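S.K.: Fold the following for me, if possible:
(chains A and B)
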Number of protein chains: 2
Amino acid sequence: MTFCEPVSLADKLAQFSDHYNPRIIGNYNGNEIRVVKLQGDFTWHSHADTDELFLVVSGELGIRFRNGVRVLGPGEFLVVPKGVEHQPFADGECHVMLMDREGEPNTGSHPSVLTRAKLEAI
Amino acid sequence: MTFCEPVSLADKLAQFSDHYNPRIIGNYNGNEIRVVKLQGDFTWHSHADTDELFLVVSGELGIRFRNGVRVLGPGEFLVVPKGVEHQPFADGECHVMLMDREGEPNTGSHPSVLTRAKLEAI
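M.R.: Next up, the predicted model:
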């Protein structure tokens, strides 16, 4: 990441292929801009101290909430407020830009085998 | 804006046609998610207390810095760090998703005829 350089979401997404392993691609006001590839069900979790932004780049993203399900396509975003339990899922492969507060674990307040201890910056 | 509802960038951008008049379409960790249409030169300005994120939805966005020019296409973003002078411009019409700290004027610390006193939430 270089000072004031443009970042291509597609170029960053082309650098990895594993699922549910977000990469950090930028920083904004104490938050990390991340990209992630999803397929299948993630774990139910919430983030105690940060909202979480999902912006779909390609594919279809589902997010289950305790009171319903939302489905997003490319060019759509959704902000999960801090503390709200949610479970991302994708039937096919889905590419997403995320934003979380710096250092926030991908599984939030719910450590599991899916937790990535330290996210890689690419 | 409704709790945990998906937001379509294209649908929001279809609701207005004027240039350099950002609309607020969401909130994230004390920041506003905005969309704006640009054409021609904006004013040189900086934001003393907030980084500014530009993500191009369509068209081509230029940003002049005191030490160079950057040009971004669809699916590319750039974060202007707080305090850094910049001048957005677009030869053709360009549609952009922005992020700024809540309440930040569009012209930052440089009030002018281009300043929008209060941004509309749509």
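S.K.: Which pLDDT does the model give the most centrally placed residue in chain A?
M.R.: Centroid-nearest residue in chain A, with C-alpha atoms, centre = their mean: A:L98, separated by 3.9 Å. pLDDT for A:L98: 98.
S.K.: Pretty sure it sits against A:L38.
M.R.: No. If you go by C-beta atoms under 8 Å, A:L98 and A:L38 don't touch, sitting 10.1 Å apart. Any C-beta I mention is one placed from the backbone N, CA and C, and that applies to glycine too.
S.K.: quick revisit: may I have the beta-bridge partners of the residue nearest to the centre of chain A?
M.R.: On the basis of DSSP bridges, A:L98 is bridged to A:R34, A:F54.
S.K.: who touches it in this structure?
M.R.: Listed by C-beta atoms under 8 Å, 6 or more residues apart in numbering or on different chains, the contact set of A:L98 reads A:P22, A:I33, A:R34, A:V35, A:V36, A:E52, A:L53, A:F54, A:L55.
S.K.: repeat that for 7 Å
M.R.: Counting by C-beta atoms under 7 Å, 6 or more residues apart in numbering or on different chains, A:L98 touches A:P22, A:R34, A:V36, A:E52, A:L53, A:F54.
S.K.: Out of those residues, grab the one that's most surrounded.
M.R.: In terms of neighbours by other C-beta atoms under 10 Å in any protein chain shown, the contacts of A:L98 top out with A:E52 at 27 neighbours.
S.K.: if we can go back for a sec, dump the contacts of A:L98 into a markdown table; add pLDDT and distance to A:R116 as well.
M.R.: Shown next, in a markdown table, are the contacts of A:L98 (pLDDT from 0 to 100; distance: C-beta to C-beta, whole Å):
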| residue | pLDDT | distance to A:R116 |
| --- | --- | --- |
| A:P22 | 97 | 7 |
| A:R34 | 98 | 11 |
| A:V36 | 98 | 10 |
| A:E52 | 97 | 15 |
| A:L53 | 98 | 18 |
| A:F54 | 98 | 17 |
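S.K.: Show me which of those residues is closest to A:V79.
M.R.: Closest approach to A:V79 among these (C-beta to C-beta): A:L53, at 5.3 Å.
S.K.: Would you mind measuring from the closest residue in space to that closest one that isn't next to it in sequence to B:E85?
M.R.: Leaving aside its sequence neighbours, A:L53 sits nearest to A:M99 (C-beta to C-beta, 6 or more residues apart in numbering or on different chains; 4.0 Å). Distance of A:M99 to B:E85, given as C-beta to C-beta, to the nearest Å: 25 Å.
S.K.: got it, and A:P22?
M.R.: Using C-beta to C-beta, A:P22 is found at 32 Å from B:E85.
S.K.: How about A:V79?
M.R.: Separation of A:V79 from B:E85 (C-beta to C-beta): 30 Å.
S.K.: and these two? which has more neighbours close in?
M.R.: Neighbours were counted for A:V79 and for B:E85 using other C-beta under 10 Å; A:V79 has more, 23 against 16.
S.K.: Write down the beta-bridge partners of that one, one by one.
M.R.: Beta-bridge partners, per DSSP bridges, of A:V79: A:L53.
S.K.: That one against B:N29, yeah?
M.R.: No. Between A:V79 and B:N29 there is no contact under C-beta atoms under 7 Å: 8.9 Å.
S.K.: Quickly list what's touching both of those two.
M.R.: Residues touching both A:V79 and B:N29 (C-beta under 7 Å, 6+ apart): A:D51.
S.K.: A:H45 is in contact with A:G83, correct?
M.R.: No. Under the criterion of C-beta under 7 Å, A:G83 is not in contact with A:H45, lying 11.0 Å apart.
S.K.: Comparing the two, which shows the higher neighbour count?
M.R.: In this view A:G83 and A:H45 are compared by other C-beta under 10 Å, and A:H45 has more residues nearby, 21 against 13.
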